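>>> quick one: sequence and predicted model below, then my questions.
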Amino acid sequence: MTDSPLLDVLARFRRAMLAMDADALADLYAPDAVHEFPFRSPSFPARYEGQDAIRAGYGAAWSATPARPTEIEETGLHHSTDPEVLVVEQTVRGEIAGRDGEFAIPGLLVLRVRDGLIVHARDYMDALAVSGGLHDRTE
């Protein structure tokens with residue numbers, strides 16, 4: 001997957017997400033990067049502005065959730081006519097501590113990468129699933 005700088009960043013992004021490592025994730029972003037969540041969830045802000053906010057926001061979210069991702073299934077990968085932009089269709093699968101069953105959260109991720117760092121991300125996740133509508137079992 002690492003035949004281009006964009007795909008290398010995507011691979012490192014996924015590793016950080018699966019490890020729930022806010023430091024590793026934030027290190028992928030430019031200092032003034034923006035990470036947006038266009039599909040709002042009551043438990044998430046609309047956006048994180050800056051590398052420090054991304055680190056703090058993901059760190060707090062991950063420490064507060066019993067959900068643990070185990071796999072990121074890529075269902076589509078689209079290269080843009082803009083060489084800085086990559087669009088990824090994916091489903092994050094995982095388990096919830098203390099419960100039987102699994103969850104699956106579909107989403108679309110749009111990354112803009114410049115000089116090897118994410119400068120802008122739009123993270124279109126299923127807000128209902130993220131905000132507490134996680135099913136006990138994957139359908």
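It's in.
>>> tell me the SS of Ser63?
Using DSSP: H, G, I helix; E, B strand; the rest coil, the structure places Ser63 in helix.
>>> that one: neighbouring residues, count only.
Counted by other C-beta atoms under 10 Å, the residues lying close to Ser63 total 9. Quick note: C-beta positions are derived from backbone N, CA and C, even for glycine.
>>> quick one, strands of the chain?
Under the criterion DSSP state E, the chain contains strands at 29-36, 47-49, 67-79, 85-96, 102-114, 117-125.
>>> quick one: those as TSV, columns for mean neighbour count, mean pLDDT and distance to Leu10 too.
Shown next, in TSV, are the strands of the chain (neighbours: other C-beta atoms under 10 Å; pLDDT from 0 to 100; distance: least, C-beta to C-beta, whole Å):
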stretch	mean neighbour count	mean pLDDT	distance to Leu10
strand 29-36	18	98	13
strand 47-49	18	97	19
strand 67-79	13	95	8
strand 85-96	18	95	6
strand 102-114	19	94	7
strand 117-125	18	96	10
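>>> Leu6 is nearest to which of the ones you listed?
Between Leu6 and these, the shortest gap by C-beta to C-beta is with strand 85-96, which sits at 4.5 Å.
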